[in-house]
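1. Could you look at this predicted model? Sequence included:
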Amino acid sequence: MGFFEQQDRSRRATGRLLALYAAAVVLIVAFANLIVVPVYVYWSAAPASPAIYATVSLVVLAVIALGSVEIMARLSLGEGELALLLAGQRVGRSSGNDAQRRLINVVDEMAIASGLAAPAVYVLNREEGVNAFAAGRSPNQAIVVVTRGALERLSRDELQAVIAHEFSHILNGDIRLNLRAAYALQGIVFLAAIGRFMMQYYSGYGVSAERNRFLHPPFALVGAALFALGSAGLLAARLIQSAIAREREFLADACAVQYTRNADALCSALAAIKLNKAGSRILNWHADSLAHMLFASNSAREWFATHPPIEARMRRANPHVSPALYFERGRRPSAEQPRVVETPKAAETPGPRTIVPTRLTAVAALIASIGEPTGPTLEYASGLLAYLPTTIRDALGTATGAQAVMIGCMLDGEATARGGQLRAVEALGGAELARKAEVLAPLIAQLDRAYRLPLVALALPVLRTELDEAGRGAFLAALRAAIAADSRLTLGEFVLHTILDRNLGPKAKRADGVRFHSRQELKEECALILSLLARAGGAGKGTIQLARVSEALERLSQLAPLEKEPFIAACAGLVAADGNVKLIEHELLRAVTAALDCPMPPSIAALDPRLLRR
């Protein structure tokens, strides 16, 4: 099943989720009435009446609504709030911690190989269990979260397999369904979560380092009562999560093996969960409503598991090796190894090995590559990261540096035009930004053009997380000023602006649902984008109208997944029509697919640019 079919399948699964949610709410309300009303009648000696049942039902419904509204309000601030719910800490891209730097490199490699913006990365430092999850409204707005247990106990290959598993969820459309499920599940487990929180708070375990240890036992008893009352919601949530997660976990495992070409690494990571004292358990009280998102089940009990059994997943991932062998290998004491510090290599490191697809201009191959990173593209991404000069890599780790790199990509090679662009940035209060961009521009100019889109992918997580809305707006204004300063808009400038505006602009946080079910509803928008691609290939005439194209892409992103596929095929066919795909044409095609949330890996862009016409 291809990328577009998976996206459509995920979208249609929302109906089943709503049906399960409605059934769970009825179950919780009925259970609460069966428990609370008899107790009330016993203590008050009053007869049961419809008013009592109505009151209990309304209170329970209010608690469910409050739980859902609470998480929706928090997530409206950004996907990172989901990690903060679990006491996660964002990993800075310039982190000096060896394990964190290794994690960032692994995530960056997967992002470049997938054609995605690199997700922001968070670590749950209080969690000893081996686990991870990805979340977001769209592929280019995702985050990746791992536990400290995974960071410390997994080798690089094992960690890469886990991250590849999570990227499969991103690419297959699971993250949006999972986010909708989290809204519903947070409500139906809210009562049990409050009770669990009260019990943990009293015991002084799993909540906060500054917890109060002098509470009285009744507080914990009230928490136990609330947890018992909410147990129906917890059971319903487990059933819903199991219905959502089990089948998709097998698919994600298969994709992880396909992406990394390393079934052993995935099986070893799964074995590490079994051999870890804390297993895959996340102790934070919000974890119950997010269990369906996790790499492995959040419960040690099989009947409460939201995921398939570890051994079953290992047999599916590598049917030729018994799970017992991985467990035995994991129990062996590992030989003492010197610490390997992952640092960017020097600029003189040879560039990534050239990847030559069988048929460069095959439209079917271009479409099939969407959402399907491969082992060769992963190797290319690894080589690309090693090839980047240390100065640029360090700059991408800070908000100012990432902005300067993006401005530097826009600067003209001619000194007079470049000076005008820098003055335009300074006029908007960006004097420091202009100076840094001027310093970085020569280094960026030395890079082959095929590396520009990966630079954007690496800059986006920093720009998205370290700049507030006003800061992102100011950066985009400076970017537009630099573009407009030389009174012309090149296709390269348009490509970078399109991707940056789509990910950082005012509409970036919006989760575009399906508004259009047929391409016939968007004939003008389709014609505009096709004419733009024709112009890139030299067959079209006229100027690029940035606002019109951006609006067209915005509307096309709301097209049904199965309707996007033939449109993108038409775009790819136009690019490949003359049998000579230019690098800028492929970049433009990738920008269009990225704007439509259909990420295309760097299959052609991975070629040595000297083999392509600029």
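-> Looks like it came in fine. Numbering: from 1, shown residues only.
2. Tell me which residues touch the residue most central in space within the chain, please.
-> Centroid-nearest residue in the chain: residue 142, 2.4 Å away (criterion: C-alpha atoms, centre = their mean). Going by C-beta atoms under 8 Å, 6 or more residues apart in numbering, residue 142 touches 79, 116, 119, 134-136, 170, 175. Where you see a C-beta, it was placed from the backbone N, CA and C, and this is true even at glycine.
3. next one: residue 395
-> 401-402, 404-405, 436, 440.
4. ok, so of those, who is nearest residue 584?
-> residue 405 (19.6 Å; C-beta to C-beta).
5. the helices in the stretch 251-400 of the chain, which residues?
-> 263-275, 310-317, 323-331, 363-369, 375-387, 390-395, 399-410 (DSSP state H, counting those that start in this stretch).
6. any chance of the ones you listed in TSV, plus mean pLDDT and distance to residue 426?
-> Formatted as TSV, these follow (pLDDT from 0 to 100; distance: least, C-beta to C-beta, whole Å):
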stretch	mean pLDDT	distance to residue 426
helix 263-275	95	49
helix 310-317	94	55
helix 323-331	92	58
helix 363-369	78	41
helix 375-387	85	31
helix 390-395	92	19
helix 399-410	94	11
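7. Of all those helices, which one is nearest residue 469?
-> Closest among the helices of the stretch 251-400 of the chain, using C-beta to C-beta: helix 399-410, at 13.5 Å.
8. how about the helices of the stretch 501-614 of the chain, start to end?
-> Going by DSSP H, counting those that start in this stretch, the stretch 501-614 of the chain shows helices at 523-536, 546-556, 561-575, 583-595.
9. Redo these as CSV? Include distance to residue 247 and mean neighbour count.
-> Converted to CSV, those look like this (distance: least, C-beta to C-beta, whole Å; neighbours: other C-beta atoms under 10 Å):
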stretch, distance to residue 247, mean neighbour count
helix 523-536, 34, 18
helix 546-556, 30, 17
helix 561-575, 19, 20
helix 583-595, 27, 23
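10. one step back: next, format the helices of the stretch 251-400 of the chain as CSV and append distance to residue 427.
-> CSV is the format used below for these (distance: least, C-beta to C-beta, whole Å):
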stretch, distance to residue 427
helix 263-275, 52
helix 310-317, 56
helix 323-331, 60
helix 363-369, 41
helix 375-387, 35
helix 390-395, 23
helix 399-410, 13
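11. Out of these, which gets nearest to residue 102?
-> When the helices of the stretch 251-400 of the chain are compared by C-beta to C-beta, helix 375-387 sits nearest residue 102, at 12.0 Å.
12. Just the CA atoms from stretch 373-382 would do, formatted as CSV, please.
-> Extracted in CSV, the C-alpha atoms of stretch 373-382 (Å, rounded to 0.1, in the frame of the first residue of the first chain):
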residue,chain,number,x,y,z
PRO,A,373,12.9,6.8,2.1
THR,A,374,15.4,4.0,1.3
GLY,A,375,18.7,2.7,2.4
PRO,A,376,20.6,4.6,-0.3
THR,A,377,18.9,7.9,0.6
LEU,A,378,19.7,7.3,4.3
GLU,A,379,23.4,6.8,3.4
TYR,A,380,23.3,10.0,1.3
ALA,A,381,21.8,11.9,4.2
SER,A,382,24.5,10.7,6.5
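13. Can we start the residue count at 825 from this point?
-> Taking 825 as the first residue, the last one we looked at is stretch 1197-1206.
14. Below-threshold pLDDT in the stretch 925-1074 of the chain: ranges please.
-> 1024-1043 (pLDDT under 70).
15. Which member of the contacts of residue 1219 is positioned nearest residue 917?
-> For these, the nearest to residue 917 is residue 1226 (8.5 Å; C-beta to C-beta).
16. Provide a list of residues in contact with the closest one.
-> Counting by C-beta under 8 Å, 6+ apart, residue 1226 touches 1219-1220, 1282-1283, 1286-1287.
17. how about a cut-off of 6 Å?
-> Taking C-beta atoms under 6 Å, 6 or more residues apart in numbering, we find residue 1226 in contact with 1220, 1283, 1286-1287.
18. Quick check: of the residues you listed, which has the highest neighbour count?
-> residue 1283 (27 neighbours; other C-beta atoms under 10 Å).
19. quick one: the closest residue to that one other than its chain neighbours and residue 1245, what's the gap?
-> Distance criterion C-beta to C-beta, 6 or more residues apart in numbering; nearest residue to residue 1283, sequence neighbours excluded, is residue 1226 at 4.0 Å. Going from residue 1226 to residue 1245 by C-beta to C-beta, to the nearest Å gives 18 Å.
20. All the strands of the stretch 825-974 of the chain, residue numbers only.
-> 913-914, 944-948, 956-959, 967-971 (DSSP state E, counting those that start in this stretch).
21. Centre of the chain to the second one, how far?
-> Distance of strand 944-948 from the chain centroid (C-alpha atoms, centre = their mean, to the nearest Å) equals 11 Å.
22. and that strand, what does it pack onto?
-> Packing partners of strand 944-948 (3 or more C-beta pairs under 6 Å, 6 or more residues apart in numbering; DSSP states H and E): strand 967-971.
23. which one among the contacts of residue 966 gets closest to residue 1112?
-> Closest to residue 1112, out of all of the contacts of residue 966 and judged by C-beta to C-beta, is residue 959, at 15.6 Å.
24. Can you give me the distance of the residue lying closest to residue 1419 once chain neighbours are set aside to residue 1303?
-> Take residue 1419 and drop its neighbours on the chain: the residue closest to it by C-beta to C-beta, 6+ apart is residue 1377, 4.1 Å away. When distance is defined by C-beta to C-beta, residue 1377 is 17 Å away from residue 1303.
25. buried sites along stretch 856-874?
-> 856-857, 859-861 (16 or more other C-beta atoms under 10 Å).
26. Just the ones in helices from the residues you listed, please.
-> 856-857, 859-861 (DSSP state H).
27. Can you tell me which of these is nearest residue 978?
-> residue 856 (41.9 Å).
28. distance from the centroid: which residue in this structure tops it?
-> residue 869 (55.3 Å).
29. Ramachandran angles for that one?
-> The phi/psi pair for residue 869 (degrees, to the nearest 10) reads phi 60, psi 20.
30. so where's the stretch 1325-1438 of the chain uncertain?
-> Using pLDDT under 70, the flagged stretches of the stretch 1325-1438 of the chain are 1333-1336, 1360-1368, 1370, 1427-1438.
31. now with 50?
-> 1363-1365, 1428-1438 (pLDDT under 50).
32. Residue 1069 - nearest residue in space that isn't next to it in sequence?
-> That would be residue 1116: by C-beta to C-beta, 6+ apart, it lies 4.4 Å from residue 1069.
33. Okay, the one you found and residue 1405: tell me how far apart.
-> Distance from residue 1116 to residue 1405, by C-beta to C-beta: 41 Å.
34. And for residue 1075?
-> Taking C-beta to C-beta, one finds residue 1075 at 31 Å from residue 1405.
35. Settle it for me: which of the two has more neighbours?
-> residue 1405 (21 against 17).
36. Next, the contact list for the residue nearest to residue 1069, please.
-> Taking C-beta under 6 Å, 6+ apart, one finds 1005, 1065, 1068-1069, 1130 in contact with residue 1116.
37. same deal with residue 1099?
-> So residue 1099 contacts residue 1154 (C-beta under 6 Å, 6+ apart).
38. could you measure it against residue 1149, distance?
-> Distance from residue 1099 to residue 1149, by C-beta to C-beta: 13 Å.
39. How about residue 1262?
-> 57 Å.
40. Neighbour count: those two, which is higher?
-> Per other C-beta under 10 Å, whichever of residue 1262 and residue 1149 has more neighbours is residue 1262, with 18 against 14.
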